[in-house]
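Q: the following comprises the amino acid sequence and a computationally predicted model.
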Amino acid sequence: MQPPVERAFLVGAPRKGTAEATQVEEHLDELGRLADTAGADIVGRTYQRIEAPTPNFYLGQGKVEELKGVLNRNGSTLVLFDEPLSPVQGTNLEQVLAVRVMDRTEVILDIFATRARSAEAKLQVELAQLEYLLPRLTRMWTHLSRIRGGIGLRGPGETQLETDRRAIRRKISVLKKRLEDVADHRANQRQGRRACPSAALVGYTNAGKSSVLRALSGDDIFVEDRLFATLDTLTREVDVGDGYRFRLTDTVGFIRKLPHHLVASFRATLEEARAADLLLHVIDASHPAWEEQVEVVESEMRNAEGGTRNSRGSSERKRVIYLLNKADLLPDPEAFLAQVRERYPHAVLTSTVPTSALQVRRLGVEELRHALRTSAQALRPMACIRVPVGDGKLLAALHRDAEVMQEAQVDGVVEVTARVEAWLLGKLRRQGIEVEIAP
C-alpha cells in the first residue's frame, strides 16, 4: 500500500534584520523544492520575523494559534519549518497544531534515506538519522507507527519503536567503525588507480554536477532536475585531448543549513575532494542567489577540511575552476561571464542541459576540456628521467607514482619518459637523479 500524499505547509522564522523579504521567499522556495523531492504537495506558506526563538514553540504564541487555524482550513497533514527545532519545540508544536511537525533537517535526512543507493551511502544516512534521533526518542515514539508511512518515517526511523538509547548508541558506534573502514578502502582504491590527475566536482545541490560529468564522459549518467537527485559518488576517466586524461569524481551536493550530522557522516565521500588535484566548482548561474550558494559550498568545504593536509602532506589551497553552468537560461551569457571573471578570472561558462535521453547540449564543454588539459600539463609535466640500470627500486617507484609512457635502455642507463607530479620531480632531483622536462 502506498501512503497518502502529504499536504505540507511551509513555515519560516528569520531573525529580524538578517534577511530581505526576497531572501526569505527564496529560502521557502528551496524548502518547497525539498518537500517536493520528498514527495509532498505544498498547500501554503507563512513566515514570522522573530527577535529570538521562543523556548516552547520557536514562534510566538499568537502566530502558533493563527497557524493552527490556517492548517485546519487547508487540510494540512504536515508542517515543515525552515529552522532547526529542538525536541521540546517539536513536541509542543505537534500537540498544539495536532499535525506532524518536521524541521528542515528531518526533510533532508528523509530525502537522503530514499535516494541512497550504494551500501556506503546507506551507512552514512543511517548514521546521520540515528544521531539526529537520539535526543528526540520521546517525541519520535509518540508519533511513529509501522502502519503509517510518509516523510520522515522511512529508513532507520521505521525501527525506532523497539529501540532504546543504549541500542542506538551501540549502533552509532558500529556505523562509525564501518565508515572508517570505508574511508580506508577508498584510500587503498586511490593508491591502486592508474596514475592520472584527478578532479572533484563540487557545488550546490542541483547545480548540474552530474550533467557536467555526463557531457565530458559521454556516459549515460542519471540526471534529474531535483535537489539531491544523486547521492553516491561516481568516478569516470575522461580524455581531455593531446594524450591527457583526467579522473573526475561527482560528489554529493551541498545545501544551505546542511545538517552537521550529514557533514560528519559523509567524511569518506569528502575525502575524494580532499585527495583531488583540482576542484571543479559547478555553479547554477541562472539562480538569483548563486553568490550565496557559492559561499555556502566554500564554507562547508572549509569546515569539512578542518585544516587537514592533502595526500602529500601539504596544506596549500587547491586550484579551483569555476563552472558557470546552465548558461542557456541566462538572458546575456557573455555579459554575465565578463562580470563574473572580475572575481573568478578563469571561470568557464557551460550548459549541459539534457535535450533527450542520449543528447546533451554541450555549450562550453570544449573550453572546459582545454582548461583541464592545461591543468594536467601543469600538474604532471612530461619528463625524461635517467635511472641507473641496477636501481630497480626507483624504477618500481616511478611505475607506481608516475604515468610511464616509454622506457628504453641507453648506455647503461634506463631512460624513462613519464608524466610526473611536481612533488616527485623535486624528490628525484634531491636524490641526484638526472631529470629533463620536455618542452
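A: Sure thing, it's come through. Numbering: from 1, shown residues only.

Q: alpha carbons only for contacts and neighbour counts from here, please
A: Noted.

Q: and Cys384, its phi and psi?
A: Main-chain dihedrals, Cys384, degrees, to the nearest 10: phi -100, psi 120.

Q: surely it is in contact with Ile433?
A: No: using CA atoms under 8 Å, Cys384 is not in contact with Ile433; the gap is 10.6 Å.

Q: more crowded one of those two?
A: Cys384 (20 against 16; other CA atoms under 10 Å).

Q: what about the closest residue to that one other than its chain neighbours, which SS state?
A: Residue nearest to Cys384 in three dimensions, not counting chain neighbours: Thr417, with 4.6 Å by CA to CA, 6 or more residues apart in numbering. For Thr417, the assignment made with DSSP: H, G, I helix; E, B strand; the rest coil gives strand.

Q: and the pLDDT for Thr417?
A: For Thr417, the pLDDT comes out at 90.

Q: who's it bridged to?
A: Thr417 has these beta-bridge partners by DSSP bridges: Cys384, Gln406.

Q: quick one: contacts for it?
A: 382-385, 404-407 (CA atoms under 8 Å, 6 or more residues apart in numbering).

Q: ChimeraX command for the buried members of the residues you listed?
A: The buried residues among those can be selected in ChimeraX (16 or more other CA atoms under 10 Å) with this line:
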select :382,383,384,385,404
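
Q: ok, the contacts of Thr417 vs Pro4, which is closest?
A: Val404 (59.5 Å; CA to CA).

Q: burial count for the nearest residue to the closest one once chain neighbours are set aside?
A: Nearest non-adjacent residue to Val404, counting by CA to CA, 6+ apart: Ala418, 4.2 Å away. When neighbours are defined as other CA under 10 Å, Ala418 has 22 of them.

Q: from Ala438, how far out is Ala418?
A: 10 Å (CA to CA, to the nearest Å).

Q: Leu262 now?
A: Between Leu262 and Ala438 the computed distance is 46 Å (CA to CA).

Q: can you check Pro55 too?
A: To Ala438, Pro55 is 67 Å away according to CA to CA.

Q: and what of His27?
A: Counting by CA to CA - His27 and Ala438 are separated by 52 Å.

Q: what do you get for Glu342?
A: The value you get for Glu342 to Ala438, if CA to CA is used, is 34 Å.

Q: any buried residues in stretch 111-129, and which?
A: Within stretch 111-129, the residues that count as buried by 16+ other CA under 10 Å are 111-113, 115-116, 120-129.

Q: mind checking how far that stretch is from the chain centre?
A: Counting by CA atoms, centre = their mean, to the nearest Å, stretch 111-129 is centred 13 Å from the centre of its parent chain.

Q: for stretch 108-123, same thing?
A: Counting by CA atoms, centre = their mean, stretch 108-123 comes out at 13 Å from the chain centroid.

Q: cool, and stretch 33-53?
A: 23 Å.

Q: for the record, mean pLDDT for it?
A: For stretch 33-53, mean pLDDT rounds to 91.

Q: with stretch 205-213 instead?
A: Mean pLDDT, computed over stretch 205-213, is 89.

Q: can you tell me what sits against it?
A: Contacts to stretch 205-213, defined as CA under 8 Å, 6+ apart, come from residues 201-203, 221-223, 225-230, 236, 248, 250, 252-255, 282-284, 325-326, 352-354.

Q: select the longest helix from this structure.
A: helix 165-192 (DSSP state H).

Q: show me what that helix packs onto, helices and strands only.
A: helix 119-133, helix 267-275 (3 or more CA pairs under 8 Å, 6 or more residues apart in numbering; DSSP states H and E).

Q: following that helix, which helix or strand shows up next?
A: With elements assigned by DSSP states H and E, the helix or strand that comes after helix 165-192 is strand 198-203.

Q: so what's the gap between that next one and the chain middle?
A: Computed by CA atoms, centre = their mean, the separation of strand 198-203 from the middle of its chain amounts to 9 Å.

Q: what strands flank it, and is each parallel or antiparallel?
A: strand 244-250 (parallel), strand 278-284 (parallel).

Q: export those strands to TSV and tack on distance to His370, mean pLDDT and mean neighbour count?
A: What follows is the strands paired with strand 198-203, written out as TSV (distance: least, CA to CA, whole Å; pLDDT from 0 to 100; neighbours: other CA atoms under 10 Å):
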stretch	distance to His370	mean pLDDT	mean neighbour count
strand 244-250	10	87	22
strand 278-284	13	93	25
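
Q: of all those, which one comes closest to Leu368?
A: strand 278-284 (9.8 Å).

Q: what's in contact with the closest one?
A: Here strand 278-284 has contacts from 198-204, 206-209, 273, 290, 293-294, 318-326, using CA under 8 Å, 6+ apart.

Q: so how far is it off the chain centroid?
A: With CA atoms, centre = their mean, you get 11 Å for strand 278-284.

Q: does anything pack onto the helix or strand just after it? Which helices or strands?
A: Using DSSP H and E, the helix or strand that follows strand 278-284 in sequence is helix 290-305. Packing partners of helix 290-305 (3+ CA pairs under 8 Å, 6+ apart): strand 198-203, helix 267-275, strand 278-284.

Q: apply 10 Å and report the result again.
A: Packing partners of helix 290-305 (3 or more CA pairs under 10 Å, 6 or more residues apart in numbering; DSSP states H and E): strand 198-203, helix 260-265, helix 267-275, strand 278-284.

Q: and of these, who's closest to Ser173?
A: helix 260-265 (12.0 Å).

Q: okay, helices next: where are they in the stretch 1-150 of the chain?
A: For the stretch 1-150 of the chain, applying DSSP state H, counting those that start in this stretch gives helices covering 21-38, 61-74, 87-97, 104-115, 119-133, 137-143.

Q: for the stretch 151-300 of the chain, give me the ranges with low pLDDT.
A: 151-164, 189-195, 264-269 (pLDDT under 70).

Q: how about a cut-off of 80?
A: The stretch 151-300 of the chain contains residues with pLDDT under 80 at 151-166, 183-196, 220-226, 229-233, 242-243, 259-272.

Q: just the stretch 1-150 of the chain next, same as before
A: 1-4, 17-21, 116-118, 120-121, 133-150.

Q: the same query, at a cut-off of 70, please.
A: In the stretch 1-150 of the chain, residues with pLDDT under 70: 1-3, 137-150.

Q: got the buried residues for stretch 168-183?
A: Judged by neighbour count (16+ other CA under 10 Å), stretch 168-183 contains these buried residues: 168, 171-172, 175, 179, 182-183.

Q: if we can go back for a sec, and the longest helix of the chain with helix 119-133, angle?
A: Helix 165-192 and helix 119-133 are oriented at 150 degrees to each other (axes from the mean of the first three to the mean of the last three CA atoms, to 10 degrees).

Q: correct me, but Arg319 touches Asp277?
A: Yes: with contact defined as CA atoms under 10 Å, Arg319 counts as touching Asp277 (7.7 Å).
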